[in-house]
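1. what's the 3D shape of this:
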Amino acid sequence: MPAAYFFLSDITGYTAYLTASELEHAQEILSALFETLLNSIKPPLRVAKLEGDAIFAYLPAEAIGYGQTILDTVENMYSGFRQTQQVMRLNTTCTCRACNGIDSLDLKFFLHYGEYALQRLMGQEELAGSAIILAHRLMKNTASEKTGLRAYAMFTQAALEAMQIQSEFQSLIPHQERYEHLGETSVFLYDLHAFWERSRQQRRVFVAPEQAEANAHIHVAAPPAVVWDIMTNPATRGLVVAGEMSVSGRQDGRIGIGATYHCSHHDGSATDQLILDWQPLEYITTRDRMQILDMEFSLLCTDWIKANSDGTSQVIFSISVPQAEDALTQAQIDEMWLELKAELVRHVEGHAGQAYAEILVGRGY
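-> Alright, predicted model coming up:
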């Protein structure tokens, strides 16, 4: 039987908000928030069913090769929800209960992993299996009561084992629930309010394509979430840059701002990529310290992921002018920069583009 990650996103405070507010404005606000969530559920994540104040979606196990991508996706969805909420609050002058109560709404995620079957009911396909039942039971829990968390992602033990991140991810809060016929269920909570506060304090750092010293373009026959998975997973990132890849400086076991990709290239050169900005499914900015012909210099680089209308993606590799630590090296780099810049673009559009294509073939694209 096939296996998948099962996602349930549930708007916190939905019923109280709807019953205590002016219906017309409340429905407009809730519709906008639901539309934001639905727009953030993109392939390979698939909507299975709309369930009142919740959205049930699933991600086939073979679609993603790197467990952190699941967590990045959750954070991306929560950020979109909160940003929409902020914009609505700032743009309204209405004083009705519905508009004043926008901040009372929040979001929870429930994630489980397991096997499933497809069954047809009244001409429609639905997911079935004990894993589906447990995923939905998670929504009835004592987590907020016992921990005080209002917005969180709840992961089952099975989900974390499939993602292979539990042993390193120390921010998770262990919790127990008991369900009839299913017994004790170990779950782990990730505080989304704490994540949101951290993300709001982060400074955006990027090389915009229109301001870049050079841009390389790659067409990738897969949606942005899959491209992000390939781009951030050290194993596949190494294939893209033609080298052996390792990572240091993980925060709480995760790759993100402050971590460094280390690449020993097959041609004998080496690159250290310090992550300065990390926006899941959108872009990564790194300061690349490179060694070429016994010369060291650095480049500011942003890997952009742009969605195409046909479900594919475009990766834009944007780089700044090179910088060396001493005047002599800077002069040498400046002298050879036109040739070096052209070689970088050729490598990205040639080798890197081919690597993306080969990885996707292995995943059935």
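
2. Show me what counts as buried in stretch 269-278.
-> The neighbour-count check on stretch 269-278 (16 or more other Cβ atoms under 10 Å) flags 270-278 as buried. For glycine as for every other residue, the C-beta is placed from the backbone atoms N, C-alpha and C.

3. mean confidence for stretch 261-278?
-> Mean pLDDT, stretch 261-278: 89.

4. Show residues contacting stretch 231-250.
-> Contact partners of stretch 231-250, identified using Cβ atoms under 8 Å, 6 or more residues apart in numbering, comprise 65-66, 68-69, 72, 168, 229-230, 255-256, 258-267, 271, 284, 303, 305, 315, 347, 351-352, 355-356, 358-359.

5. Just those: which are in helices?
-> Members of those lying in helices (criterion: DSSP state H): 68-69, 72, 229-230, 347, 355-356, 358-359.

6. how about those residues in TSV, adding distance to Gly80, pLDDT and neighbour count?
-> As requested, those are exported to TSV (distance: Cβ to Cβ, whole Å; pLDDT from 0 to 100; neighbours: other Cβ atoms under 10 Å):
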residue	distance to Gly80	pLDDT	neighbour count
Gln68	19	92	23
Thr69	16	94	23
Asp72	13	94	22
Asp229	19	97	25
Ile230	22	97	24
His347	34	89	17
Ala355	30	95	19
Tyr356	26	96	25
Glu358	32	95	11
Ile359	27	95	21
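
7. of these, closest to Trp196?
-> Closest approach to Trp196 among these (Cβ to Cβ): Asp72, at 14.5 Å.

8. buried stuff in the helix or strand harbouring Ser318?
-> Using DSSP states H and E, the element containing Ser318 is strand 313-319. By 16+ other Cβ under 10 Å, the buried positions in strand 313-319 come out as 313, 315-319.

9. same question, stretch 316-336
-> Residues of stretch 316-336 classed as buried: 316-320, 322, 324, 329, 333 (neighbour count, 16+ other Cβ under 10 Å).

10. which stretches of the protein have low pLDDT?
-> For the chain, applying pLDDT under 70 flags the ranges 166-168.

11. The same query, at a cut-off of 80, please.
-> Across the chain, the ranges flagged by pLDDT under 80 are 14-15, 17-26, 92-93, 95, 98, 120-125, 166-170, 181-182, 265-269, 292-294.

12. how is it carved up into domains?
-> The chain breaks down into these domains under automatic domain parsing: 3-200, 204-362.

13. Off-centre distance for stretch 352-359?
-> 21 Å (Cα atoms, centre = their mean, to the nearest Å).

14. buried stuff in the strand ranked longest in the chain?
-> Secondary structure of the chain per DSSP state E: the longest strand is strand 295-307. Using 16+ other Cβ under 10 Å as the test for burial, strand 295-307 gives 295, 297-307.

15. and the angle from that strand to strand 313-319?
-> Strand 295-307 runs at 150 degrees relative to strand 313-319, counting by axes from the mean of the first three to the mean of the last three Cα atoms, to 10 degrees.

16. Which elements pack onto strand 295-307?
-> helix 224-232, strand 270-279, strand 283-292, strand 313-319, helix 327-347 (3 or more Cβ pairs under 8 Å, 6 or more residues apart in numbering; DSSP states H and E).

17. all helices for the stretch 51-200 of the chain, in order.
-> With DSSP state H, counting those that start in this stretch as the criterion, the stretch 51-200 of the chain has helices at 68-90, 97-100, 130-137, 143-147, 157-163, 192-201.

18. give the contact list for Val348.
-> 216, 218, 317.

19. Return the member of these nearest to Cys94.
-> Closest approach to Cys94 among these (Cβ to Cβ): Phe317, at 45.1 Å.

20. picking that back up, for the buried residues of stretch 316-336, work out which two are farthest apart.
-> Spanning the widest gap among the buried residues of stretch 316-336 are Ile316 and Thr329, at 28.3 Å by Cβ to Cβ.

21. which among the ones in helices among the contacts of stretch 231-250 gets closest to Asp191?
-> Compare each of the ones in helices among the contacts of stretch 231-250 with Asp191 using Cβ to Cβ and the shortest gap goes to Asp72, at 16.1 Å.

22. quick one, what contacts the closest one?
-> By Cβ under 8 Å, 6+ apart, Asp72 lies in contact with 228, 232, 280-281.

23. Kindly reformat the ones in helices among the contacts of stretch 231-250 as a markdown table containing distance to Thr185.
-> Below are the ones in helices among the contacts of stretch 231-250 laid out as a markdown table (distance: Cβ to Cβ, whole Å):
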| residue | distance to Thr185 |
| --- | --- |
| Gln68 | 23 |
| Thr69 | 24 |
| Asp72 | 25 |
| Asp229 | 28 |
| Ile230 | 33 |
| His347 | 49 |
| Ala355 | 41 |
| Tyr356 | 39 |
| Glu358 | 40 |
| Ile359 | 35 |
